[in-house]
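In: coordinates for the following, if possible.
(chains A, B, C and D)
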2 protein chains.
Amino acid sequence: MARDRKFSTEDLYHATKQILLEQGYDGFHFGLLAEKLDISRGAIYKYFDNREELIVNFMRHEMKLFLTELKNVEQFPSFDEKLTFLLELIFKNPAVPRLIEIGQRIPIHENLKMKEDVFKLEDLRLKMYQHLQEFIDLGREEQKLNPSVPDTLILGFIFQSIMIPNHFDIPQSKWVQSIKEILCHGILNHQ
Amino acid sequence: MARDRKFSTEDLYHATKQILLEQGYDGFHFGLLAEKLDISRGAIYKYFDNREELIVNFMRHEMKLFLTELKNVEQFPSFDEKLTFLLELIFKNPAVPRLIEIGQRIPIHENLKMKEDVFKLEDLRLKMYQHLQEFIDLGREEQKLNPSVPDTLILGFIFQSIMIPNHFDIPQSKWVQSIKEILCHGILNHQ
DNA sequence: ACCCAAAGTGACACAAGTGTCACTTTGGGT
DNA sequence: ACCCAAAGTGACACTTGTGTCACTTTGGGT
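Out: The predicted structure follows:
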């Protein structure tokens, strides 16, 4: 009962992700997005009121995907297995921590719909945090984690580590393996 | 033989630093800078051709200060002492890694003067790297560092670690001490 | 074949930042 | 006292992005 859509919301999210990762938050404009999808700027406004709206909803979409994968952490019984799974998950989704960081910078429009969306995003962030907290709790229980160090810093290290720039182009497998090594045992030699 | 200056280059750099740390690279405008110093935008153009010019020179200024402090790393004979000094230096200058990251995003104007300035900045970055490399080399020699892990990743971890956001406001001293602990020995319990 | 609602377009008025330049202000040298 | 060069100002033309809206296009239902 209407003409076919020229682009899907999925298309918008895909291009949005590319632009955000290439150009950062401030480099993202509807003009760029429209150009990338070969559509007019005006068409995007049929689906999103402004770029903050779009980005927040894109973030939700991205978080949901990550969360469904993260949920599988429950399936692994031991802390060691959970840790391995978690690190692999993060290295498979290196964009997620960067996107979360970018997400922090969205200015909150004083707008009802916007506030709801930001709230839903915050809710997802909390859900994500809960899964991670369970993982940490088990590590504490099994006495696998350094007891003198706060939970948030452990998670901070894990998430921050994949954002270290690999300027010298060390091969991915070596890089990942080395990050695991330092995360677990530090930079010092342990015989 | 002229009227007194209303603001010094130092004033510009100080306000620039504030704005860059608060608003990020894209949030930095001559309008904001002028407002902060209660001067006109036009006056700034008497000293810098554009914001890239100003930011690159500000970065050079900031790097020089950091480098003069970093040079003192030579004075400590052992690797352990150098490491302690280095960590303290970085925690005393938490803005430096953030500024370096911001500095990476400066678009290069196709302009001779600009290219020179960027070259000088790159030169400082290299000098900094050399001091850090000497520190790593000593650590290797003394067999204090994990041999299976590349140099750049060790430096990456050190610099990245202070950018972990302390969302839960853990007291500074506890936070720093915990970062040192994880950097040196990892997140796992080592009895 | 025609209707019409949803999809998409592009021109418009607006906002915010840029770089320039003719102008005013100021204070030391003569 | 006056000169004048350096310091500072603010208006101007320009650029880039925003959000809106009257308009055109399209395709299924009758």
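In: doesn't residue A:163 make contact with residue A:98?
Out: Yes. With contact defined as C-beta atoms under 8 Å, residue A:98 and residue A:163 form a contacting pair (6.5 Å). For glycine as for every other residue, the C-beta is placed from the backbone atoms N, C-alpha and C.
In: any buried residues in the one helix or strand residue A:115 maps to, and which?
Out: When elements are assigned from DSSP states H and E, residue A:115 belongs to helix A:112-141. Along helix A:112-141, these residues count as buried under the neighbour rule (16 or more other C-beta atoms under 10 Å in any protein chain shown): A:114, A:117-118, A:121, A:124-125, A:128, A:131-132, A:135-136, A:138-139.
In: swap in stretch A:19-27?
Out: Buried-residue list, stretch A:19-27, by 16+ other C-beta under 10 Å: A:19, A:20, A:24, A:25.
In: now do the end-to-end distance for it.
Out: When the termini of stretch A:19-27 are compared using C-alpha to C-alpha, to the nearest Å, they are 8 Å apart.
In: quick one: is that stretch near DNA strand D?
Out: No. For a cut-off given as C-beta under 7 Å from any atom of the strand, stretch A:19-27 has no contacts with DNA strand D; the smallest distance is 8.2 Å.
In: what does that stretch contact?
Out: Applying C-beta atoms under 8 Å, 6 or more residues apart in numbering or on different chains, the set of residues contacting stretch A:19-27 from outside is A:28, A:32-33, A:36, A:55, A:58, A:95, A:98-99, A:102, A:105-106, B:24-27, B:105.
In: so for that stretch, mean pLDDT?
Out: The predicted model gives stretch A:19-27 an average pLDDT of 97.
In: using CSV, write down the CA coordinates of stretch A:113-124.
Out: Extracted C-alpha coordinates of stretch A:113-124, given in CSV (Å, rounded to 0.1, in the frame of the first residue of the first chain):
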residue,chain,number,x,y,z
LYS,A,113,11.4,10.5,23.5
MET,A,114,15.2,11.1,23.7
LYS,A,115,15.3,10.7,27.5
GLU,A,116,13.4,7.3,27.1
ASP,A,117,15.9,6.1,24.6
VAL,A,118,18.8,7.1,26.7
PHE,A,119,17.3,5.4,29.6
LYS,A,120,16.8,2.2,27.6
LEU,A,121,20.5,2.4,26.6
GLU,A,122,21.5,2.8,30.2
ASP,A,123,19.5,-0.2,31.1
LEU,A,124,21.3,-2.3,28.5
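In: what's the local residue count around the closest residue to residue A:150 other than its chain neighbours?
Out: The spatially closest residue to residue A:150, leaving aside those adjacent along the chain, is residue B:170, at 5.5 Å (C-beta to C-beta, 6 or more residues apart in numbering or on different chains). Residue crowding around residue B:170 was assessed by other C-beta atoms under 10 Å in any protein chain shown; the count is 15.
In: where does residue B:170 fall, phi/psi-wise?
Out: Backbone torsions of residue B:170, given as degrees, to the nearest 10, read phi -70, psi 140.
In: swap in residue A:188?
Out: For residue A:188, the backbone dihedrals (degrees, to the nearest 10) come out as phi -80, psi 150.
In: for the most centrally placed residue in chain A, give me its contacts.
Out: Among the residues of chain A, the one closest to the centroid is residue A:96, at 2.1 Å (C-alpha atoms, centre = their mean). For residue A:96, the contacting residues are A:62, A:66, A:90, by C-beta under 8 Å, 6+ apart.
In: which of the residues you listed lies closest to DNA strand C?
Out: The shortest separation between DNA strand C and any of these is 21.9 Å, and it belongs to residue A:62 (by C-beta to the nearest atom of the strand).
In: pretty sure the closest one contacts residue A:17?
Out: Yes. Checked against C-beta under 8 Å, the pair residue A:62 and residue A:17 is within contact range at 7.1 Å.
In: those two - which one has more neighbours?
Out: For residue A:62 and residue A:17, the more surrounded residue by other C-beta under 10 Å is residue A:62, and the numbers stand at 21 against 16.
In: other SSEs contacting the helix or strand hosting the more buried one?
Out: Assigned by DSSP H and E, residue A:62 belongs to helix A:51-70. Applying 3 or more C-beta pairs under 8 Å, 6 or more residues apart in numbering or on different chains; DSSP states H and E, one finds that helix A:51-70 contacts helix A:9-23, helix A:95-103, helix A:112-141.
In: figure out which of these is closest to DNA strand C.
Out: Each of these was checked against DNA strand C via C-beta to the nearest atom of the strand, and the shortest separation belongs to helix A:9-23, namely 9.3 Å.
In: quick check: residues of chain A near DNA strand D?
Out: By the rule C-beta under 7 Å from any atom of the strand, the part of chain A lying against DNA strand D is A:1-4, A:29-31, A:41-42, A:45, A:49-51.
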